[in-house]
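>>> give me the fold of what follows.
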Amino acid sequence: MATPQSVLTKTAVLGAALALAGLTATSAEAQEATAAAAFVNLTTAESSPIYAQPTSSSTRYRTEPRGTTLRIQCSTTKTPSGERWFRIYDSQPTSWVWSGHFPSQVHPPKECFPG
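A predicted model of the protein is given here:
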């Protein structure tokens, strides 16, 4: 027969295991949310030149055809023209594309240079 002490011990162990499982799930969910927030997929509405800087007077690396999905890391309006540009996620060297090549965004990607 189980003693009150052994029942309490088993209950404590079970409670600790459940708490650890909950903490692990929360950490995994947080990591997924962080990874998901790293970029936004946007599809070009027209042929889209890719530039070295957020200005069309910089070096043009290539042109992506209409319908290409690009992973956008962030956006900025801190450009010579004041227009919104998107930085392409994980591109080497750093690459930019003008936001006007995409359908209108209700909520543009996060700001590259906050403050």
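>>> can you give me the helices in this protein?
All helices of the chain, identified by DSSP state H, fall at 4-37.
>>> Gln53: how many residues sit nearby?
Gln53: 14 surrounding residues under other Cβ atoms under 10 Å. The C-beta positions use only the backbone N, C-alpha and C, and glycine is treated the same way.
>>> who touches it in this structure?
Gln53 makes contacts with 59, 96, as judged by Cβ atoms under 8 Å, 6 or more residues apart in numbering.
>>> mind doing that once more with 10 Å?
Gln53 is in contact with 59, 79-80, 85, 94-96, counting by Cβ atoms under 10 Å, 6 or more residues apart in numbering.
>>> from those, which would you call buried?
85, 95-96 (16 or more other Cβ atoms under 10 Å).
>>> in strands, which of these fall?
Among the buried ones among the contacts of Gln53, DSSP state E puts 85, 96 in strands.
>>> check which helices and strands the biggest strand by length in the chain sits against.
Longest strand in the chain, counting residues (DSSP E): strand 69-76. Contacts defined by 3 or more Cβ pairs under 10 Å, 6 or more residues apart in numbering; DSSP states H and E place strand 69-76 against strand 40-43, strand 85-88, strand 96-98.
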